[in-house]
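Chemist: Attaching a predicted model along with its sequence, questions to come.
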Amino acid sequence: MRRIYEPVELTEKQKQLLLGTVLGDGCMSWAATYGRYRLAHGAIQADYCRHKAAILGSLISVQPKIVPNLGYGKELCVSSTRSHPCFEFLRPLCYRLNPETGRLAKHVTPEWLDQLDWEGIAYWYLDDGGINKPENGNPSITFSTHSFPKEEVELLAEMLTKRGVEAKANPVHKGQKVYWVILLGVEATRIFRDKIRSFVPSCMSYKLEIPNAVELTCAFCGATFTPFHPNQAGKPICPKKSCRELRRKEITDKYLTTHSAKIKQNRHEAYHTNLEQSRANGRERARLLRLDPARRAKMNKRKRAWRQKRAILREPAVKPCQFCRAPVQLKNGQFLPNATICCQAPECRRKRQALHNQHYAERHATELAERHRNWNQSERGKKYKQDWHRTNCSTPTSSLSNTPEWKKSGT
């Protein structure tokens, strides 16, 4: 007598649980007329196994229980559903006949991945994913997809990338065999954790925690955040785009202030190395600016920002000389706030040069003393002193060195 099955309509949560966990630790058994879903976890994840069984509800025939494990680990928590037609949609979607074994095996297809949402991806991560310990300070997520071939792992990585989480397939060598896993970078790890956080049960929340995590306060917005680097140096910056742009601008301004002279020199040398090509590039840029109003407006905006940042003032056009207080007409009506204003009279020019020499000597006193000491001890410096004494003094330095002490003292 043929068994009659009562109709069961799977909920969306149950479908996502099946679609996601079949990618991971769950599997379907097709020995009976219809499929049966089986799940097994280590004893430490017994609560997670019970969580899955609670979602499947009346479909569970074997309640979660602890049994001895013949493989890795001493004990397992296992459970399974009864055979039912509601699982038949997984057969053509997730399984293909393996010609070598003659059995149905998991096979990743685009149709399968299109039906996954973030809840199903969260169950897949809880089964096969984990956050690597940040030994180098940069935590990352790894999906243990060792049982899938390279083409299917690349398909899974492409699925995550299309959903805004950049992922890549990475080879893992074990002996003579090569397996493939999925790796997420630091930024992709942060995005992925935020997307699946609401679907992770409390018993598995440890899979979202970053080892040795600390709480910092952002230096720009004041928000509290967990850095990806446990020993973050410098100003603490939260992951917000606006705060990172402010920090980038701050670093850029500091670099320009420190290396502005070197940058100008490098640009000057690069321009004159190939003068004809540089002029041709300039003409092409000018042509593009004339044709594209948006680029011209952007260039004008950058010029205005440059003028404001350098604090170039245009008024007043006349300022008093710093030495004689005579009025000085500034060139093009511009001057720098820290510049020395001089009327270019001979006496004022000498005073300005003496002031600059004094400032230079104050800034480089140690360097000048070291340079002078090295010069006096060098062969060239000694020869210069001898020549100078021979020319300007009546007694040569050599005769002075040979004169007895009683004659030098005059006794």
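Modeler: Thanks, I have it.
Chemist: Show me the protein divided up by domain.
Modeler: The record assigns the chain these domain ranges, following automatic domain parsing: 12-107, 118-208, 276-309, 318-363.
Chemist: what about the last one, how long is it end to end?
Modeler: Using CA to CA, to the nearest Å, one end of domain 318-363 lies 31 Å from the other.
Chemist: related to what we said a few turns ago, so which of the domains of the chain comes closest to His372?
Modeler: Among those, domain 318-363 comes nearest to His372, with 11.5 Å by CB to CB. C-beta coordinates here come from the backbone N, C-alpha and C atoms, glycine included.
Chemist: can you give me the mean pLDDT across the closest one?
Modeler: Here domain 318-363 scores 80 as its mean pLDDT.
Chemist: From the chain's centroid, how far away is that domain?
Modeler: A distance of 47 Å separates the centroid of the chain from that of domain 318-363, by CA atoms, centre = their mean, to the nearest Å.
Chemist: in what helix or strand does Val62 lie?
Modeler: In the assignment (DSSP states H and E), Val62 maps to strand 60-68.
Chemist: Strands along this protein, start to end?
Modeler: Secondary structure of the chain (DSSP state E): strands located at 27-29, 36-42, 60-68, 75-81, 95-98, 103-106, 129-131, 141-143, 167-174, 177-184, 216-217, 224-225, 318-320, 327-329.
Chemist: Please identify the most buried of these.
Modeler: Mean neighbours per residue, mean count of other CB atoms under 10 Å, is largest over the strands of the chain for strand 141-143, with a mean of 22.
Chemist: Tell me which other helices or strands it touches.
Modeler: Counting contacts by 3 or more CB pairs under 8 Å, 6 or more residues apart in numbering; DSSP states H and E, strand 141-143 is packed against helix 118-128, strand 129-131, strand 177-184, helix 186-196.
Chemist: Can you name the residues bridging to Gly129?
Modeler: Note on Gly129: beta-bridge partners by DSSP bridges are Phe143.
Chemist: quick one: it and Leu156 touch, right?
Modeler: No: look at Gly129 against Leu156 with CB atoms under 8 Å: they stay out of range, at 11.3 Å.
Chemist: can you list residues touching both of the two?
Modeler: Common neighbours of Gly129 and Leu156 are listed as Phe143 (criterion: CB atoms under 8 Å, 6 or more residues apart in numbering).
Chemist: ok, Lys174 to Gly20 distance?
Modeler: Here the criterion is CB to CB, to the nearest Å. By it, Lys174 lies 26 Å from Gly20.
Chemist: of all the helices and strands packed on strand 141-143, which lies closest to Cys49?
Modeler: Among the helices and strands packed on strand 141-143, helix 118-128 comes nearest to Cys49, with 11.0 Å by CB to CB.
Chemist: How about residues contacting the closest one?
Modeler: Contacts for helix 118-128 (CB under 8 Å, 6+ apart): 13, 15-17, 19-21, 23-26, 48, 116, 141, 143-145, 160, 163, 192, 195-196, 199-200, 204, 207.
Chemist: contacting residues around the nearest residue to Cys348 once chain neighbours are set aside?
Modeler: In space, Cys348 comes closest to Phe323 once its chain neighbours are excluded; the distance is 4.4 Å by CB to CB, 6 or more residues apart in numbering. When contacts are counted by CB under 8 Å, 6+ apart, Phe323 is found next to Cys342, Cys343, Glu347, Cys348, Lys351, Arg352.
Chemist: likewise Cys238?
Modeler: Residues near Cys238 by CB under 8 Å, 6+ apart: Cys218, Phe220, Cys221, Ala223, Phe225.
Chemist: what's the spacing between it and Glu215?
Modeler: Cys238 sits 11 Å away from Glu215, going by CB to CB.
Chemist: Which neighbours do those two have in common?
Modeler: With CB under 8 Å, 6+ apart, Cys238 and Glu215 have common neighbours Phe225.
Chemist: Going by neighbour count, which of the contacts of Phe323 are buried?
Modeler: Among those, those classed as buried by 16 or more other CB atoms under 10 Å are Cys342, Cys343, Cys348, Lys351, Arg352.
Chemist: what's the neighbour count on Ala345?
Modeler: Residues contacting Ala345 under the criterion other CB atoms under 10 Å number 14.
Chemist: Can you tell me the closest non-neighbouring residue to it?
Modeler: In space, Ala345 is closest to Cys324, 6.7 Å off (CB to CB, 6+ apart).
Chemist: The one you found and Cys343 touch, don't they?
Modeler: Yes: counting by CB under 8 Å, Cys324 does reach Cys343; the two are 6.3 Å apart.
Chemist: tell me the contacts of the residue nearest to Ala345?
Modeler: By CB under 8 Å, 6+ apart, the residues touching Cys324 are Cys343, Ala345, Glu347, Cys348.
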